[in-house]
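> Compute the structure for the input listed below.
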Amino acid sequence: MPAQQPLSPSLSPSPTPSPAPVTVLGLGLMGSALAAALLKAGHPTTVWNRTAAKTGPLAAQGAQPADTATEAITASPLTIVCLTTNDSVRSLLEPEADALKGRTLVNLTNGTPSQARELAAWAEAHGITYFDGGIMAVPQMIATPGAYIFYSGSDEAAFATHRPTLAALADIKWAGTDPGLAALYDLALLTGMYGMAAGVAQAFALTGSEGIPARELAPLLTDWIVAMTHGVVPGTAEALDTDRHLTDVSNLAMNREALPNFTDTFAEQGLRAGLFESLQELLDRAVEQGYGADGFSRLVTLLKKD
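I've put the predicted structure just below:
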């Protein structure tokens with residue numbers, strides 16, 4: 001039997017690359033969760049926070065605390081920043097432009113599309129590769145299957161380089177090369193969430209006004225919202241993309257007539273009408289403009305400012 005030949009170099013298995021070093025600036029609840037996930041994935045992680053004491057728990061997990069933001073930034077080719085506002089990001093990073101030059105900056109601070117574009121322009125002017133991100137998770141969800149993060153930025157090749165590092169945080173959803181798109185998607189999903197939360201609050205307030213325990217309504221409300229979402233969201237998308245808003249189910253004229261049943265009941269029960277006042281104004285305008293036979297998708301077109 002012939003001796004077994006060694007694998008040729010071309011067939012040798014590629015060595016697994018070592019986890020890349022990364023820096024995290026800002027150690028609030030979310031920033032700390034991001035840093036902990038990177039450490040758990042084996043990335044050498046440098047951390048910095050204005051309040052130095054916040055680095056302690058992460059140092060105990062193996063992070064390297066930095067005394068200054070400059071020291072933290074120069075420790076890694078990739079810096080992730082997660083602060084409360086983008087004004088705070090600008091205040092922190094503008095003096096660090098020289099330290100960031102030639103490096104990659106990922107901003108996971110919640111903000112607006114225009115803020116993301118302004119930061120991207122500032123970064124480009126200083127030789128910094130910039131990506132904006134929108135985190136679709138609470139801190140406890142980071143590095144779990146349900147979490148994902150939108151990213152956007154002009155240099156897709158650079159993003160590919162750091163993708164394995166960022167994958168330690170959550171699933172990645174690439175929004176596009178316009179730096180503002182991650183924030184746009186983020187705020188769009190949060191808009192739906194806040195609208196739902198406002199409706200849920202109004203529903204609990206209504207039954208609560210009669211002393212009904214919230215736990216009694218909760219399963220009914222959950223099932224109803226899930227059922228309605230499955231139909232309303234894709235149906236609205238189809239109507240908008242095809243510009244076909246007519247409906248034979250529940251048109252805007254019918255809903256306009258029914259809405260006072262809600263607002264009157266809220267008043268009778270001693271409750272504020274909340275978002276229903278804005279909905280009444282939209283329904284009135286839709287019917288007055290001749291859209292009474294359309295479905296709720298038509299309201300999307302009426303949200304644009306004149």
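
> give the contact list for residue 35.
When contacts are counted by Cβ atoms under 8 Å, 6 or more residues apart in numbering, residue 35 is found next to 24, 27, 45, 47, 58, 63. In this view, the C-beta of every residue, glycine as well, is placed from N, C-alpha and C.

> And it, how close does it get to residue 171?
According to Cβ to Cβ, to the nearest Å, residue 35 and residue 171 sit 19 Å apart.

> out of the contacts of residue 35, which are inside helices?
Secondary structure from DSSP state H places residue 58 of the contacts of residue 35 in helices.

> Could you report the neighbour count for the residue nearest to residue 274 when sequence neighbours are not counted?
Distances taken as Cβ to Cβ, 6 or more residues apart in numbering place residue 202 nearest to residue 274, at 5.2 Å, with adjacent residues excluded. By the criterion of other Cβ atoms under 10 Å, residue 202 has 17 neighbours.

> what's the answer for residue 171, then?
When neighbours are counted by other Cβ under 10 Å, residue 171 registers 14.

> what does the one 10 residues further on give?
Using other Cβ under 10 Å, residue 181 has 21 other residues around it.

> ok, now residue 300?
Around residue 300 there are 14 residues (other Cβ under 10 Å).

> so it sits in a strand?
No - the assignment for residue 300 (DSSP: H, G, I helix; E, B strand; the rest coil) gives helix, which keeps it out of a strand.

> need the contact list for it.
Residue 300 neighbours (Cβ under 8 Å, 6+ apart): 236, 240.

> what's the spacing between it and residue 188?
For residue 300, the distance to residue 188 (Cβ to Cβ) stands at 12 Å.

> cool, and residue 202?
Counting by Cβ to Cβ, the gap from residue 202 to residue 188 is 22 Å.

> Over to residue 199?
Distance, residue 199 to residue 188, using Cβ to Cβ: 17 Å.

> most residues in a single strand of this structure, which one?
Counting residues, the longest strand in the chain under DSSP state E turns out to be strand 129-136.

> Off-centre distance for stretch 161-175?
14 Å (Cα atoms, centre = their mean, to the nearest Å).

> okay, how far is it across that stretch, tip to tip?
One end of stretch 161-175 sits 17 Å from the other (Cα to Cα, to the nearest Å).

> now swap in stretch 95-105 and tell me
By Cα to Cα, the extent of stretch 95-105 from end to end equals 14 Å.

> Quick one: mean pLDDT for that stretch?
Mean pLDDT, computed over stretch 95-105, is 98.

> how far is it from where the chain is centred?
Mean-position distance between stretch 95-105 and its chain equals 25 Å (Cα atoms, centre = their mean).

> buried set for it?
Residues of stretch 95-105 classed as buried: 96, 99, 100, 103, 104, 105 (neighbour count, 16 or more other Cβ atoms under 10 Å).

> Restricted to strands, list these.
Within the buried residues of stretch 95-105, membership in strands is found for 104, 105, as judged by DSSP E.

> ok so, going back, residue 199 and residue 188: who's more crowded?
Comparing residue 199 with residue 188 by other Cβ under 10 Å, the one with more neighbours is residue 199, at 15 against 12.

> My guess is the more buried one contacts residue 275. True?
Yes - using Cβ atoms under 8 Å, residue 199 is in contact with residue 275, at 7.1 Å.
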